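Trainee: What would the 3D arrangement of this be:
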Amino acid sequence: MRSFTLIPALALFLPGFRALAQDSNFLSVNEAVIHSLQQNLNLRIEGLSVLNAQEQIAVQESQFDTIMFTSAIQRGSRGAALGGAGNEISNHRSAVRAGVSRLLNTGAEVELSTNYQRNSRNDSVSVLDPAHSSDLSMSLRQPLLQGFGSGINLIPVQQAEIAYLQAEMFLKLAALDTMSATESAYWDLAYAHKVKEVRTASLEVAEQLLEENRERERVGLATNIEVLQSEASLATRREAIITADAMIENSQDTLFRRMGSTDYPEGLITVNPLPNFSGEPMGTRPSMTTILANNPAYINQQLNVRIAELAAKSSRNSTFPQVDLIAGVGFSRSDQAPIDSFGNTLQNDGYDWTAGVEFRVPWGQRGDKARHQQALNLVRREEIRLEELKQDFEVANRNRWRAWESGIARVEAANVSLELSSEQFEREQTKYQSGLSTFRELLESQEDFDEANLRFLNAILDAIKAKIGIMALDVSLPFRYSLTWETTELLIAPEEVNP
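Mentor: The predicted structure follows:
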């Protein structure tokens, strides 16, 4: 069982994010993901749940701790002598009791205790005055049917251990979601930057065409309508630039929010460009064996089945009659001195012992049997949910792999379409300058080129997100950022709260 501890040395794992952003104004995808693992508030919440689950194990184990007890009592009384004559009779009693008790994992309750009493009277009835008496006793109560054996009595501890593993699975699942969301937001920002580049290039072409048309109008080669069309086209391109700038700013805010940052940069940061998928190997689809062995959602459901099985085992124990073996033995001694009364306790003939059996069972046990049947039904329910989850993962694996395959194919097709649109736009520019085509045809060609550019960028973005989805499903996503699960757990380790 691991213990989460904050490790200050992790500050050396990567350069500080804030200092890096200020120095170079560049953020890599690895840095964004690592920063999100360290700062995401949802991960902190899940991390504290892990700590609580770990402490709950100690809570359940503590029921088998040794308990020490002690008590001290003084009593006194005074009354008239027999017949109302003579001095009043007074009696003073002091008693001290101490011992230890412990519940064993077999279900046995063991207690070892000692008592000391001092009695004093002001009459001469007692042979010893004051009288000191001590005793030493041991008692045992061992269930023979209901509650017998470590297999039953350790169930709460086992349930706490499983709950701890589940808390780790929830943390792992939250980490995967954080990685996926952060990288997706990162590439959304990279996409927004590329859209801005496309819009900027289109704006530059529109500005150049406007200048050319004004010059052509001046020399009588173009009409005023063509100039107005150029101005309208330029206005549309400027509007697209405004939209692209807003997309960049919104994407950047989303990325920093995913990273758990409260310090939003004033200006724009730069990121890695969208990757080039030309020649990208397809790889092989993850096997269901790998997915089911590693995915925290599936493992968590397996643990749910185990918890239900333990609950059924506990409920079956409740259907047994309560039969307890009771045994005890004690030795006592009275003397004139406290030391003698204690020292001679085991040497004295005074003793008492107890042995017996207690039996208790509800008539018919209808309630216990019904609760046990409910527990069995819950086991079956969780097993069905596990099977359903397995089927869902099978479909998800096929769908995500299909999205990756189609994504790569779309990138290749969009790239061919982009090259064609680029060729057509250059050819249309040449024809327009030669007077062989209209300005409207040139604008349509430019719009086709821009749309081909955007389709190509969209295809790349979709392919990236499909790849992220596959790696999140088979839980290989940390390796994408040069992390292992061990280093990931260290990055998200919560800080223990000490009173």
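Trainee: Low-confidence bits of the protein, can you list those?
Mentor: Along the chain, the parts satisfying pLDDT under 70 run over 1-24, 79-88, 121-132, 221, 278-280, 332-350, 364, 493-499.
Trainee: Tell me which stretches of it form strands.
Mentor: With strands called from DSSP state E, the chain shows them at 26-27, 67-79, 89-103, 109-121, 131-143, 270-271, 322-335, 351-360.
Trainee: Including distance to Asn458 and mean neighbour count, could those strands go into a markdown table?
Mentor: The C-beta positions use only the backbone N, C-alpha and C, and glycine is treated the same way. What follows is these, written out as a markdown table (distance: least, CB to CB, whole Å; neighbours: other CB atoms under 10 Å):
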| stretch | distance to Asn458 | mean neighbour count |
| --- | --- | --- |
| strand 26-27 | 23 | 18 |
| strand 67-79 | 68 | 10 |
| strand 89-103 | 65 | 15 |
| strand 109-121 | 70 | 16 |
| strand 131-143 | 68 | 19 |
| strand 270-271 | 17 | 17 |
| strand 322-335 | 70 | 17 |
| strand 351-360 | 73 | 11 |
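Trainee: Tell me, domain by domain, which residues of this structure belong where.
Mentor: Domains of the chain are assigned by automatic domain parsing as 8-61+156-306+375-491, 108-146+324-360.
Trainee: Find the residue closest to the spatially most central residue of the chain in space, skipping its chain neighbours.
Mentor: Taking CA atoms, centre = their mean, the centroid of the chain lies closest to Leu171, which sits 2.0 Å from it. The shortest distance from Leu171 to any non-neighbouring residue, by CB to CB, 6 or more residues apart in numbering, is to Glu46 (4.3 Å).
Trainee: just Met288 next, same as before
Mentor: Met288 sits nearest to Glu394 (CB to CB, 6+ apart), 6.2 Å away.
Trainee: so how far is Pro286 from that neighbour?
Mentor: Distance of Glu394 to Pro286, given as CB to CB, to the nearest Å: 11 Å.
Trainee: Pretty sure Val29 sits against Ser184.
Mentor: No. At 10.5 Å, Val29 and Ser184 do not qualify as touching, with contact defined as CB atoms under 8 Å.
Trainee: ok, how many other residues are close to Asp245?
Mentor: Residues contacting Asp245 under the criterion other CB atoms under 10 Å number 14.
Trainee: Just list the residues touching the nearest residue to Leu104 once chain neighbours are set aside, thanks.
Mentor: Closest residue to Leu104 apart from its sequence neighbours, by CB to CB, 6+ apart: Val110 at 6.5 Å. Applying CB atoms under 8 Å, 6 or more residues apart in numbering to Val110 gives the contacts 101-102, 104, 138-140.
Trainee: With just CA atoms, put stretch 218-232 into PDB.
Mentor: Output of stretch 218-232 as PDB, limited to C-alpha atoms (Å, rounded to 0.1, in the frame of the first residue of the first chain):
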ATOM      1  CA  ARG A 218      -6.700  54.000 -62.700                       C
ATOM      2  CA  VAL A 219      -5.400  52.700 -66.100                       C
ATOM      3  CA  GLY A 220      -8.800  51.700 -67.300                       C
ATOM      4  CA  LEU A 221      -8.400  47.900 -67.000                       C
ATOM      5  CA  ALA A 222     -10.900  47.400 -64.200                       C
ATOM      6  CA  THR A 223     -14.200  48.900 -63.300                       C
ATOM      7  CA  ASN A 224     -15.300  50.500 -60.000                       C
ATOM      8  CA  ILE A 225     -17.400  47.400 -59.300                       C
ATOM      9  CA  GLU A 226     -14.300  45.300 -59.100                       C
ATOM     10  CA  VAL A 227     -12.700  47.800 -56.700                       C
ATOM     11  CA  LEU A 228     -15.800  47.700 -54.500                       C
ATOM     12  CA  GLN A 229     -15.700  43.900 -54.600                       C
ATOM     13  CA  SER A 230     -12.100  44.000 -53.500                       C
ATOM     14  CA  GLU A 231     -13.000  46.400 -50.600                       C
ATOM     15  CA  ALA A 232     -15.900  44.100 -49.500                       C
END
